[in-house]
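Visitor: here is a sequence with its predicted model. Questions after.
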Amino acid sequence: MSEITKAVIPVAGLGTRFLPATKATPKEMLPVVDKPAIQYVVEEAVGAGMHDILMVTGRNKHALENHFDRNCELELILETKGDTERLAAVTASTALADIHYTRQRDPRGLGHAVLCAASHVGDEPFAVLLGDDLIDARDPLLAQMQQVRRRHGGSVVALMRVDPKRSHLYGCAAVERDHGSDIVRVTDLVEKPAPGTAPSDLAVIGRYLLDPAVFEVLRRTPPGRGGEIQLTDALRTLAAEGHPVHGVVFSGRRYDTGDRAEYLRAVVQIAAGRSDLGPGFVDWLRSFVDRVPAPSSV
């Protein structure tokens, strides 16, 4: 079975939950410690052997292209100063991968964004990585998903357990657990089910390995929830039509940057885990928390 070398990263969203910060800056460029969130996602794809990256962009996303392009003036200044550490940090994003861009002209949902990648991907399996989910490099989720695909073929999605009270925020999977404790066969998917109706507590998170058959299904998938073409609906159709769809139940370190509170938690968690920042930052954090008044007295 051919290895997956292409990854698609949809980045056309407006980032309205982070306004006004995202009025002129793409949400994907918000810093997580000292790198923009999108760089973590690209590094994850590259770490799994995917060096051909397509970003599906929208309006006002030029900062993304600039970040992964060279900045010769800045590089020359740093080189002249002998600042090799910062020079290496600046050039790292440029050399990461072969990055391409295409425009999603109409905001018609994740499924439509993936369909925009059809001409670039062609008849090859490919990955889709969503920028709101950052996966810790110490927990190689994509590598595990690729092992499942080698064994069973078809498409593979990443799943995590969620509180049933929050199931309505995700696409949720009905599964048969016939391949081990953390590998399941997906039999159905429901996008953001009504409270109390989710088929399980397993929610889809933003990592997919997709068979190219998904493009034909997306072309005939009508708009679903929110009037958008849902990738979840296309995967549901694939499973119903006999294409293998498996899930990896992920229990590793995942950082959600999808809303303000989760974004702040992600920054703190990642900073605390860094060898260069963590020890001093954690000591300060403990003393700071001790000084914060209890919520009831604020």
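Guide: Great, that's in hand.

Visitor: which parts of the stretch 1-150 of the chain are helices?
Guide: Chain-ordered helices for the stretch 1-150 of the chain, with DSSP state H, counting those that start in this stretch as the definition, fall at 37-47, 62-67, 72-81, 84-92, 110-115, 118-121, 141-152.

Visitor: for the chain, which residues score under the pLDDT cut-off?
Guide: 1, 178-180, 296-298 (pLDDT under 70).

Visitor: that one - how does it break down into domains?
Guide: The chain breaks down into these domains under automatic domain parsing: 6-258, 261-291.

Visitor: format those as TSV; extra columns: mean neighbour count.
Guide: Every residue, glycine included, has its C-beta placed from N, CA and C. TSV is the format used below for the domains of the chain (neighbours: other C-beta atoms under 10 Å):
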stretch	mean neighbour count
domain 6-258	18
domain 261-291	13
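
Visitor: got the contact list for the spatially most central residue of the chain?
Guide: In the chain, the C-alpha closest to the average C-alpha coordinate belongs to residue 130, at a distance of 2.6 Å (C-alpha atoms, centre = their mean). For residue 130, the contacting residues are 9-10, 110, 205-207, by C-beta atoms under 8 Å, 6 or more residues apart in numbering.

Visitor: please enumerate the helices of the stretch 151-298 of the chain.
Guide: Along the stretch 151-298 of the chain, counting by DSSP H, counting those that start in this stretch, helices occupy 213-219, 231-240, 260-272, 278-291.

Visitor: columns distance to residue 64 on top of those, output as JSON lines?
Guide: Shown next, in JSON lines, are the helices of the stretch 151-298 of the chain (distance: least, C-beta to C-beta, whole Å):
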{"stretch": "helix 213-219", "distance to residue 64": "24"}
{"stretch": "helix 231-240", "distance to residue 64": "21"}
{"stretch": "helix 260-272", "distance to residue 64": "18"}
{"stretch": "helix 278-291", "distance to residue 64": "28"}
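
Visitor: could the contacts of residue 130 go into a markdown table alongside distance to residue 169?
Guide: Conversion of the contacts of residue 130 to a markdown table gives the following (distance: C-beta to C-beta, whole Å):
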| residue | distance to residue 169 |
| --- | --- |
| 9 | 21 |
| 10 | 18 |
| 110 | 15 |
| 205 | 11 |
| 206 | 13 |
| 207 | 17 |
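
Visitor: looking at those, which are in strands?
Guide: Members of these lying in strands (criterion: DSSP state E): 9-10, 205-207.

Visitor: does residue 258 really touch residue 132, like I thought?
Guide: Yes. Between residue 258 and residue 132 there is a contact at 3.9 Å, judged by C-beta atoms under 8 Å.

Visitor: so how far is residue 181 from the residue lying closest to residue 22 once chain neighbours are set aside?
Guide: Distance criterion C-beta to C-beta, 6 or more residues apart in numbering; nearest residue to residue 22, sequence neighbours excluded, is residue 15 at 3.6 Å. Separation of residue 15 from residue 181 (C-beta to C-beta, to the nearest Å) stands at 37 Å.

Visitor: and what of residue 34?
Guide: Taking C-beta to C-beta as the measure, residue 34 and residue 181 are separated by 37 Å.

Visitor: next: residue 166.
Guide: Between residue 166 and residue 181 the computed distance is 23 Å (C-beta to C-beta).

Visitor: give me phi/psi at residue 138?
Guide: Main-chain torsions, residue 138, degrees, to the nearest 10: phi -80, psi -10.

Visitor: wait, isn't it in contact with residue 253?
Guide: Yes. Contact criterion C-beta under 8 Å: residue 138 and residue 253 qualify, at 6.8 Å.
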